[in-house]
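# sequence unknown, structure follows:
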């Protein structure tokens, strides 16, 4: 049968895994197809960056993406999930922005036969804010291109990866007009920057399944087979307000906050010991990151309440409940403050995931790079993301993969390399073709 790869077993040998996907004589190589799509995909990325889509304001970007996908001939399922629809789920009780007005979009490609779910790509539509635009070289929502870099909020987290996914779907659509078994699909979900996992849950509850998943995040162009779990902590410190000129009569919550910061730094070092090989190259085993400190009180008055918030990120197989307990107990032990002076709550939590590098999905990803002469050493993705939801809830084999780097994510002058956006698209397309034909048993 023309246009299909040679059969590849569930546990491919080195020889079998190395077999390349073949197309008929009239079909151009996938790299040529990818190159011809540059004039479509690079402008699309600029359009998406120019649409501000901070958490809670994702709808214009999602609508724009749905319109583009429909014009390309893809099948779109666009909907909003009500709070009532998720009320029975544990995630509904976590802190999150209301889902009203925040749509989810699933884009599906035509398939040659209804195989078991295909591969689901996952990208989040929201970005973090850019509160100081004057500090950027170019406007944070400009989509400015300099050499091979495109700048803007969300360029690498995660609009660049999103466009890699759409590019991969377009490559397959043009190279295989009748589709591939199972297909390559994409879910664009709200709120990852607000509450990890909740957006993917809306797609799962809608009934969208997959035989495998790739979460599109900035991984420097290389596939990652694990991701962190974690939780968001809120530490509320209570003092006693008095006029600043008689401060010795009160209790300063801000002074206690200094003690908390010192304790958290020491805890991060103490908690960093581990034997998880996929994260051994990262200098911090379990990061504790404070991202907000707020004192409350009248001016000229000793502060009687200070709130410290941030993230405690864990390793894939860490027990979340045990580590939350360890965090609480260790912080209170180090502070040695009177009862009630410090309370600790966890407003958000999300699972990590781990896929063995020997899994067939990893082997096909490895081969997609080997076809280009690049060697791959498997690592985990050094952050939490949407990967844990499907991996844990539905046992879906999952990778994390995309252009860009965490070193640029959330920062001023965020950018993505356009060559890398295309490169990831081509590699994901190759992986999808290998994986889906192997799963279908077609030859």
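Yes, it's here. Not measured: the values here are computed from a predicted model. Numbers count the residues shown, from 1 in each chain.
# residue 271 and residue 288 touch, don't they?
Yes: shown here, residue 271 and residue 288 form a contact pair, counting by Cβ atoms under 8 Å, at 7.5 Å. Using the backbone N, CA and C atoms, a C-beta is placed for each residue, glycine as well.
# overlap in contacts of those two?
Overlap of the contact sets of residue 271 and residue 288 (by Cβ atoms under 8 Å, 6 or more residues apart in numbering) is empty.
# residue boundaries of the helices in this protein?
Secondary structure of the chain (DSSP state H): helices at 14-17, 30-36, 38-49, 59-71, 160-175, 198-206, 253-270, 320-335, 360-370, 387-393, 418-440.
# which strands or helices does the fourth one pack on?
The elements that helix 59-71 packs onto, with contact taken as 3 or more Cβ pairs under 8 Å, 6 or more residues apart in numbering; DSSP states H and E, are helix 38-49, strand 75-79, strand 104-108, helix 160-175.
# pick the most buried one from these.
Mean neighbour counts were taken over the helices and strands packed on helix 59-71 using mean count of other Cβ atoms under 10 Å, and the top value, a mean of 27, falls to helix 160-175.
# I'd like the mean pLDDT over it, please.
Confidence for helix 160-175, expressed as mean pLDDT, is 97.
# now do it: which elements does it pack against?
Checked by 3+ Cβ pairs under 8 Å, 6+ apart, helix 160-175 has helix 30-36, helix 38-49, helix 59-71, strand 119-124, strand 184-189, helix 418-440 packed alongside it.
# dump the ones you listed to TSV, plus distance to residue 303.
What follows is these, written out as TSV (distance: least, Cβ to Cβ, whole Å):
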stretch	distance to residue 303
helix 30-36	57
helix 38-49	40
helix 59-71	39
strand 119-124	36
strand 184-189	39
helix 418-440	46
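# related to what we said a few turns ago, so which of the helices of the chain is nearest residue 308?
Among the helices of the chain, helix 253-270 comes nearest to residue 308, with 5.8 Å by Cβ to Cβ.
# residues in contact with residue 375?
By Cβ under 8 Å, 6+ apart, the residues touching residue 375 are residue 369.
# quick one: it and residue 425, what's the gap?
Taking Cβ to Cβ, to the nearest Å as the measure, residue 375 falls 21 Å from residue 425.
# and residue 267, which of the helices and strands packed on helix 160-175 is closest to it?
strand 119-124 (29.2 Å).
# nearest residue to the middle of this structure?
Closest residue to the average C-alpha location of the chain: residue 385 at 3.9 Å, with Cα atoms, centre = their mean.
# how near is it to residue 291?
The value you get for residue 385 to residue 291, if Cβ to Cβ is used, is 17 Å.
# domains of this protein?
Using automatic domain parsing, the domain parsing of the chain gives 14-227+353-440, 230-350.
# as a whole number, average confidence for the shortest one?
Within the predicted structure, the mean pLDDT of domain 230-350 is 94.
# how about stretch 191-203?
Per-residue scores along stretch 191-203 average to 96.
# now swap in stretch 426-443 and tell me
Predicted confidence along stretch 426-443 averages 86 (mean pLDDT).
# centre of the chain to that stretch, how far?
Distance, stretch centre to chain centre, for stretch 426-443: 23 Å (Cα atoms, centre = their mean, to the nearest Å).
# same deal with stretch 216-223?
10 Å.
# tell me the contacts of residue 155?
Contacts of residue 155 were listed using Cβ under 8 Å, 6+ apart, and they are 45, 49, 143, 404, 408, 414, 415, 416.
# oops, could you answer that again for residue 413 instead?
With contact set as Cβ under 8 Å, 6+ apart, residue 413 has these partners: 136, 137, 138, 151.
# roughly how far does residue 399 sit from residue 290?
Going from residue 399 to residue 290 by Cβ to Cβ gives 31 Å.
# among the domains of the chain, which is the most enclosed?
Note that of the domains of the chain, domain 14-227+353-440 is the most buried (mean count of other Cβ under 10 Å), with a mean of 20.
# so what's the nearest residue in space to residue 210 that is not next to it in sequence up against?
Excluding its sequence neighbours, the residue lying closest to residue 210 (Cβ to Cβ, 6 or more residues apart in numbering) is residue 120, at 3.4 Å. Residue 120 sits next to 185, 186, 187, 208, 209, 210, 212, 213, 214, 390, 396 when contact means Cβ under 8 Å, 6+ apart.
# try 6 Å
185, 187, 210, 213 (Cβ atoms under 6 Å, 6 or more residues apart in numbering).
# how about these in JSON lines, adding pLDDT and distance to residue 177?
Converted to JSON lines, the contacts of residue 120 look like this (pLDDT from 0 to 100; distance: Cβ to Cβ, whole Å):
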{"residue": "185", "pLDDT": "96", "distance to residue 177": "17"}
{"residue": "187", "pLDDT": "98", "distance to residue 177": "24"}
{"residue": "210", "pLDDT": "93", "distance to residue 177": "23"}
{"residue": "213", "pLDDT": "98", "distance to residue 177": "25"}
